[in-house]
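Engineer: Show me the folded form of this:
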Amino acid sequence: MGVEENKRVVESMWNCLYRKDFEGVASHIAPDGFYEDVPSPDPGALGPENVVKRLRIGLDPIVRFEHELHRVVAEGDNVILEHTETWHFETGEVLTNQFVTIHVVKNGKIALWRDYWDLNTMMAQAPKWWIERLAKHSESDFGGFRPG
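Structural biologist: I've put the predicted structure just below:
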């Protein structure tokens, strides 16, 4: 696949995520696709089912997303986004965080997805109940590992 096709795969996956269409998200992840939030202490999630499971733990309480895409850089299999997300929680809190996201697309599926963001910025805005929700899960819940 070419660069433009890879960008479309990534754009489509994000569109699914912001609609909370988790089946759609899973359909964009390679069978051995890996997702991680680099600043978080867990080793990420392996495979579409585990990626969605991990995403839902954090994002199910979000009732609305605002997304500002600043730039997209693509070369070969790599698609890199710089973007800002604003999350509106079901209990009224709002969290805004800046991300750089790296995707590697192979054969029309996302093989690698890494989010880079500032842990202190996110935790300073996050509701306490949401942090407690995240803390109830362990790395074994997501089939995670850190690839080389």
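
Engineer: Check what contacts the top helix by length along the chain and list those residues.
Structural biologist: Longest helix of the chain, by residue count under DSSP state H: helix 3-18. Helix 3-18 is contacted from outside by 1, 22, 24-25, 27-29, 55, 59, 65, 67, 72, 74-79, 81, 103, 105, 108-110, using C-beta atoms under 8 Å, 6 or more residues apart in numbering. C-betas here are computed from N, CA, C, even on glycine.

Engineer: and if we set it to 6 Å?
Structural biologist: Applying C-beta atoms under 6 Å, 6 or more residues apart in numbering, the external contacts of helix 3-18 come out as G24, V25, H28, F65, H67, A74, V79, H103, V105, G108.

Engineer: mind listing the strands for the chain?
Structural biologist: Taking DSSP state E as the criterion, the chain carries its strands at 29-37, 45-46, 62-75, 78-89, 94-106, 109-116.

Engineer: Could you list the low-confidence segments of this structure?
Structural biologist: 139, 141-148 (pLDDT under 70).
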